[in-house]
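K.L.:
fold the following, please.
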Amino acid sequence: MISFKSFDFNIVESVASNDSRHYFDLDDTLFHHDNSKLRVHVHDQSNRRVRTLTSSEFNRHQLPPGHAYDFSEFRSSRIFGESSKPIRKMIAKLKGIHKNGGKAEILTARSDFDDKDAFAHHMKKYGIDPGQIHVRRAGNMVGMRSPQAKAAIVSQAIQENGLKKVHLYDDHPDNLNEFLKLKSKHPDVEFHAHHVEHDPETGNVNITTTSVIPKDKK
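P.N.:
From the prediction side, this is the model:
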């Protein structure tokens, strides 16, 4: 069963549940960035830079044969700290779930940062402790695009932890669509895909939720 609904920021898990998990994307879901400071570069066969992408453009980009990505800016903890601005409603949602005993994690397309302590320090300024709220880095899965890598991490967690309900909060539709495709592999699991749209000028956040629920739970 597929259902669509609006989102209520006030809803949090009030009781700890071992079979439920909430995943939050990092970029443009929890933090907005100055795209002039945070980019992915594309190099050709001669290692010459031929294109520069924002994080949103990268999610849609298809790498030409023989080309390679340069993620040095995305690995920089200094640039992350300088370029990121909190999306406060989403951070409050993440912290509310964690505070009330729900299981919340960050699921980012990034790989490891160059200075984990600096990254953790920046996150703690907004009440997010990576020592308590785990950061899953899909960018460490070499050879996989972000949507497939994120879905693979969720699928593994379902198998290893017996999850029955999973949520993904993400700004990019491709990541959410790939997440919902996991239903065919895990038919007994509820999937809730939350599309996050943030307006950096007003601070407003709009979320549209698509849920795929087992027939016996309708």
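
K.L.:
okay, CA-based contacts and neighbour counts for the rest of this
P.N.:
Noted.

K.L.:
what's the spacing between Asp129 and Asn100?
P.N.:
Per CA to CA, to the nearest Å, Asp129 is found 15 Å from Asn100.

K.L.:
looking at these two, which has the bigger crowd around it?
P.N.:
Asp129 (16 against 13; other CA atoms under 10 Å).

K.L.:
which parts of the chain are strands?
P.N.:
2-6, 20-24, 31-33, 40-43, 49-53, 68-70, 84-86, 104-108, 135-137, 165-170, 190-198, 205-212 (DSSP state E).

K.L.:
quick one: residues contacting the residue nearest the centre of the chain.
P.N.:
Of all residues in the chain, the one closest to the mean position by CA atoms, centre = their mean is Asp25, 1.8 Å from it. Residues near Asp25 by CA atoms under 8 Å, 6 or more residues apart in numbering: Ile106, Leu107, Thr108, Ala109, Leu168, Tyr169, Asp170, Asp171.

K.L.:
ok, the closest residue to Asp171 other than its chain neighbours - contacts?
P.N.:
Spatial nearest neighbour of Asp171, excluding adjacent residues (CA to CA, 6 or more residues apart in numbering): Val196 at 4.6 Å. Contacts for Val196 were tallied using CA under 8 Å, 6+ apart; they are Thr29, Tyr169, Asp170, Asp171, His172, Val205, Asn206, Ile207, Thr208.

K.L.:
out of those, which end up buried?
P.N.:
Neighbour counting with 16 or more other CA atoms under 10 Å marks Thr29, Tyr169, Asp170, Asp171, His172, Val205, Ile207 as buried within those.

K.L.:
so which of those residues comes closest to Leu53?
P.N.:
Using CA to CA, His172 comes nearest to Leu53 of the buried ones among the contacts of Val196, at 15.0 Å.

K.L.:
do I have it right that the closest one meets His194?
P.N.:
No. The pair His172 / His194 is not scored as a contact, 9.9 Å apart, by CA atoms under 8 Å.

K.L.:
in the chain, which spans are helices?
P.N.:
55-60, 72-75, 77-83, 88-99, 116-124, 146-161, 173-180 (DSSP state H).

K.L.:
okay, these in a markdown table with mean neighbour count, distance to Arg39 and mean pLDDT next?
P.N.:
Below are the helices of the chain laid out as a markdown table (neighbours: other CA atoms under 10 Å; distance: least, CA to CA, whole Å; pLDDT from 0 to 100):
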| stretch | mean neighbour count | distance to Arg39 | mean pLDDT |
| --- | --- | --- | --- |
| helix 55-60 | 16 | 6 | 76 |
| helix 72-75 | 18 | 6 | 85 |
| helix 77-83 | 17 | 10 | 90 |
| helix 88-99 | 19 | 23 | 95 |
| helix 116-124 | 15 | 17 | 96 |
| helix 146-161 | 18 | 15 | 96 |
| helix 173-180 | 20 | 19 | 96 |
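
K.L.:
looking at the ones you listed, which is nearest to Ile213?
P.N.:
Ile213 sits nearest to helix 173-180 of all the helices of the chain, at 10.4 Å, using CA to CA.

K.L.:
what's the closest one packed up against?
P.N.:
Using 3 or more CA pairs under 8 Å, 6 or more residues apart in numbering; DSSP states H and E, the elements in contact with helix 173-180 are helix 146-161, strand 165-170, strand 190-198.

K.L.:
closest one to Phe71 among these?
P.N.:
helix 146-161 (13.3 Å).

K.L.:
tilt between that closest one and strand 104-108?
P.N.:
Inter-element angle recorded for helix 146-161 and strand 104-108: 150 degrees (by axes from the mean of the first three to the mean of the last three CA atoms, to 10 degrees).
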